[in-house]
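J.: no sequence on this one, just coordinates:
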């Protein structure tokens, strides 16, 4: 085994590569005027994919190092409850509408993903992987692993969903003249999970707080909806 092959097999190598890729992606994002299409997650993901393909390293080897960052996603998500605490008055007033919005959004995401995968003739494992793509990474991977999907595919789909959702949600809301920041934040959280929440935080703490709430609700509802939908469709 060569020295380069040995280095490529070390978990620390891919932990360091992930951090460096994200740091470079932040620079690109700032120089592009904070463009939604050049979100740091999208750029760093593209850089890592190219690097992994060039080095001939599989996802499992990469994740041995990347999992240390993955573990931090849970505490980071819980920390979003802090700004949300300051929005208790609005939550008490609009909780029914917010819950209904999260339920409808989550249900549509799960059903449409399963229908599209089935329409294209995808395998059962692919259908399961797509069903969980619209929630934050820790929940999506947990659902996929539990139900027999492909974690690497779910990971890529979660990224793609977040990138596209984060880029197009605000322009669409502006087009239909929805300007309330808390609605925009909540919508971003439902359709674009963690990446959408990061995008919402750029619009202020109120917007970010509701995005975090939506991300959590969508994750909880999706964890319940996916097994039900799969069972009704005959996959479980």
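T.: That came in fine, so what should we check first? Not measured: the values here are computed from a predicted model.
J.: middle-most residue in this structure, spatially?
T.: Centroid-nearest residue in the chain: residue 136, 4.1 Å away (criterion: Cα atoms, centre = their mean).
J.: neighbours of the nearest residue to that one once chain neighbours are set aside, how many?
T.: Counting by Cβ to Cβ, 6 or more residues apart in numbering, residue 193 is the residue found nearest to residue 136 once chain neighbours are left out, at 4.3 Å. (C-beta placed from N, C-alpha, C; glycine too.) A count of nearby residues for residue 193, using other Cβ atoms under 10 Å, gives 31.
J.: now swap in residue 179 and tell me
T.: Neighbours of residue 179 (other Cβ under 10 Å): 9.
J.: mind checking how far the nearest residue to it once chain neighbours are set aside is from residue 186?
T.: Spatial nearest neighbour of residue 179, chain neighbours left out: residue 173 (7.7 Å); criterion: Cβ to Cβ, 6+ apart. Counting by Cβ to Cβ, to the nearest Å, the gap from residue 173 to residue 186 is 11 Å.
J.: again with residue 111
T.: In this view, residue 111 and residue 186 are 20 Å apart by Cβ to Cβ.
J.: those two: who's more crowded?
T.: Taking neighbours as other Cβ under 10 Å, residue 111 and residue 186 compare with residue 186 leading, 29 against 15.
J.: which helix or strand contains that one?
T.: For residue 186, the element it lies in under DSSP states H and E is helix 181-201.
J.: show the pLDDT at residue 61.
T.: Looking at residue 61, its pLDDT stands at 81.
J.: wait, I meant residue 194
T.: For residue 194, the pLDDT comes out at 82.
J.: so what does the residue nearest to the centre of the chain look like in phi/psi?
T.: The phi and psi values for residue 136, taken as degrees, to the nearest 10, are phi -60, psi 150.
J.: re the thing from before, residue 56 versus the residue nearest to residue 179, what's the distance?
T.: Distance, residue 173 to residue 56, using Cβ to Cβ: 43 Å.
J.: same thing with residue 230?
T.: 34 Å.
J.: those two: who's more crowded?
T.: A count of neighbours by other Cβ under 10 Å puts residue 230 above the other of residue 230 and residue 56, at 21 against 9.
J.: who does the helix or strand harbouring residue 209 touch, helix- and strand-wise?
T.: If you go by DSSP H and E, residue 209 is part of helix 205-232. If contacts are counted by 3 or more Cβ pairs under 8 Å, 6 or more residues apart in numbering; DSSP states H and E, helix 205-232 sits against helix 73-79, helix 81-85, helix 88-119, helix 124-131, helix 137-147, helix 181-201.
J.: hey, least reliable of the ones you listed by pLDDT?
T.: Sorting those by mean pLDDT places helix 73-79 lowest, at a mean of 70.
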